[in-house]
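# Prediction below, plus the sequence it came from.
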Amino acid sequence: MDIRDVKKIQEGISSKDNQVERIKIGIVCFFMLSVVIISLLGYSTQPLLLAFAALVGAYMAMNIGANDVANNVGPAVGSKAITLTGAIIIAAICEASGAILAGGDVVSTIKSDIIAPEKIANAEIFLFVMLAALLSGAIWVHLATILRAPVSTTHAIVGGVLGAGVVAGGVAAANWWVLGGIALSWVISPVMGGIIAVIFLVFIKRTITYKEDKKEAAKKIVPLLVFAMSWAFCAYLLLKGFSKLYSFSPLQAGLISLFVAIVVYFVTTPFIRQKASTLQNTKESINTLFTIPLIFSAALLSFAHGANDVANAIGPLAAINEALSGGDINSKASVPFWIMLIGGLGISLGLALYGPRLIRTVGSEITELDRMRAFCIAMSAAITVLLASALGLPVSSTHIAIGAVIGVGFLREYIKGRYFEMCEQIIKAHKGKDQKVAEEFLRTFAKANVKQKAQMLESLKTKNPNFELTSKEKKELKKFYKHELVKRSEINRIIASWVITVPASAVLGGFVFIAFKVMFIDG
């Protein structure tokens, strides 16, 4: 193959990529045109303004799909429990279903009570505050997606409402206590997500993968994990996914979920044990038992996400629609079906066209995930939200998922680093002895369980007082494996994007509102 052949191949790839991009743009244009037509069919005193607002709402919905949904399906894709195409299809259907079926009847006119309605001069000013918030939030999420940074779309909207609201009604219009809670969630969400994911992973390691007979251990433990998953996800759906259709009390949700979990346990246990009997006694083989639970978790998380986070796109749009229809800005804004349809389809379309970029970031670019680790992340996402709700703590589902991924990565890093440190200690203890003796000891050590490893190391300490590595040796070893297993550059970029989401979208919201004021109000 000469240079001309390589050039032809590169041109072919470039041409194919350009064709794909043109198809994507064509689909987006068709969707946006449909949104305009649908909005114009609705009654409004200012149909063109409503059509523009609907376009902005659809743009925000697509950005939610492209960015936020990666947290629900990324771990499953990264662990190879499901293909990228399969994940997109499942998530798109579930996101749209959650948004349309359980998206809710009412949305607060001022999202998260960020600004006080009485501080806004009139309905027209309020309308442009909502429109500026929606557009600025969408622009920021779009920028974050381009930079492959998973951010909270709720925080983006909150920042947009804050910036536009402060410009419109002054600093006194902002509810700074709510903003303080949001800032607190930057720490609470990832820390809680990481801790819970680590607890589950340590439990799985100690009860299954560290056992000599992993198959028998899996037969006992995996059904219990499926039971826990069924309870957590059922409660999550009842309290979050269907909260707009019917308000379940925590006790009601807990009891219903317990009944469902018991049924699932007795139905799935025979199948799990039968499948386990056919597997090899290795961690890699046992991993396959977590495939089906991961697929269900991706679907359920997507449904609940669609039911809840669609409000970030349709909430302000519903408020604008209500204001244009002569409604009271201090009341709850009813959400017409056509607005929920725009939100649901927009999320699914954004996911299908532009979601793979963030799915890969969450699933494989922070740390390597297998199915056990991905299962722990999914469990953490559901349980953290439930615990935070019970404690009244503000949390972000995006930050929870990323925190769980990072937590699992750090645990993996610690375990691997500790293991190689012990191997280095063994080599140091056998220094000057026959190499075959050291190699045999290492082989036996590798096969031993946790308790046996501790006994072997204790035996070496007794025989060799100079057994321990120096601080310098430990530091060099840890430094090597930290960079090997968890990508610090990805973590730093994601955290930076979290911190600036609210301020950045607030600044954008303020400038967009000023532009609207000059063009439509003062003009």
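Sure, I can see it.
# How about the contacts made by the residue nearest to residue 91 when sequence neighbours are not counted?
Counting by Cβ to Cβ, 6 or more residues apart in numbering, residue 91 lies nearest to residue 302, which is 4.3 Å off, once chain neighbours are set aside. C-beta here means a position set from N, CA and C on the backbone, and glycine is covered the same way. For residue 302, the contact set (Cβ atoms under 8 Å, 6 or more residues apart in numbering) comprises 69, 72, 73, 90, 91, 94, 95, 98.
# switch to 6 Å and redo it
By Cβ atoms under 6 Å, 6 or more residues apart in numbering, the contact list for residue 302 reads 72, 91, 94, 95.
# mind putting those residues in a markdown table, neighbour count, pLDDT and secondary structure included?
Output for the contacts of residue 302, formatted as a markdown table (neighbours: other Cβ atoms under 10 Å; pLDDT from 0 to 100; DSSP: H, G, I helix; E, B strand; the rest coil):
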| residue | neighbour count | pLDDT | secondary structure |
| --- | --- | --- | --- |
| 72 | 31 | 87 | helix |
| 91 | 31 | 88 | helix |
| 94 | 25 | 87 | helix |
| 95 | 37 | 85 | helix |
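# Which pLDDT value does the model give residue 156?
pLDDT for residue 156: 91.
# Please disregard the earlier target; I meant residue 340.
For residue 340, the pLDDT comes out at 85.
# So, low pLDDT: which residues of the stretch 51-200 of the chain?
Within the stretch 51-200 of the chain, the stretches with pLDDT under 70 are 102-113, 117, 121.
# any idea how far the residue nearest to residue 284 when sequence neighbours are not counted is from residue 79?
Among residues not flanking residue 284 along the chain, residue 370 sits closest, at 7.9 Å (Cβ to Cβ, 6+ apart). Distance of residue 370 to residue 79, computed by Cβ to Cβ, to the nearest Å: 5 Å.
# So for these two, which sits in the more crowded spot?
The neighbour count for residue 370 versus residue 79, taken as other Cβ atoms under 10 Å, is higher for residue 79 (23 against 18).
# Quick check on the more buried one: phi, psi?
Torsion angles at residue 79 (phi, psi; degrees, to the nearest 10) stand at phi -90, psi 0.
# roughly how far apart are it and residue 364?
Counting by Cβ to Cβ - residue 79 and residue 364 are separated by 9 Å.
# and what of residue 448?
Counting by Cβ to Cβ - residue 448 and residue 364 are separated by 31 Å.
# again with residue 407
For residue 407, the distance to residue 364 (Cβ to Cβ) stands at 16 Å.
# Who has more neighbours out of the two?
In this view residue 407 and residue 364 are compared by other Cβ under 10 Å, and residue 407 has more residues nearby, 27 against 17.
# what sits against the more buried one?
By Cβ under 6 Å, 6+ apart, the neighbours of residue 407 are 194, 197, 198.
# how does it look with 10 Å?
190-201, 367, 373, 376-377, 380 (Cβ atoms under 10 Å, 6 or more residues apart in numbering).
# which of those residues count as buried?
For the contacts of residue 407, a burial check counting by 16 or more other Cβ atoms under 10 Å picks out 190-194, 196-201, 367, 373, 376-377, 380.
# Of those, which belong to helices?
Here DSSP state H is the test, and the buried ones among the contacts of residue 407 give 190-194, 196-201, 373, 376-377, 380 as lying in helices.
# Out of these, the closest to residue 516 would be?
Nearest to residue 516 among those is residue 190, at 34.9 Å by Cβ to Cβ.
# quick one: contacts for the closest residue to the closest one other than its chain neighbours?
Leaving aside its sequence neighbours, residue 190 sits nearest to residue 403 (Cβ to Cβ, 6+ apart; 2.7 Å). When contacts are counted by Cβ under 10 Å, 6+ apart, residue 403 touches 187-197, 377, 380-381, 384, 395-396.
# hmm, 8 Å instead?
Residue 403 makes contact with 189, 190, 191, 192, 193, 194, 197, 380, according to Cβ under 8 Å, 6+ apart.
# Determine the number of other residues adjacent to the closest residue to the first one other than its chain neighbours.
Closest residue to residue 189 apart from its sequence neighbours, by Cβ to Cβ, 6+ apart: residue 399 at 3.4 Å. The criterion is other Cβ under 10 Å. On that basis, residue 399 has 28 neighbouring residues.
# in what helix or strand does residue 399 lie?
Take DSSP states H and E as the rule and residue 399 turns out to sit in helix 397-429.
# need the next SSE after that helix, C-terminal direction.
Downstream of helix 397-429, the first helix or strand assigned by DSSP H and E is helix 435-447.
# What are the contacting residues of that following helix?
422, 423, 426, 427, 430, 453, 456.
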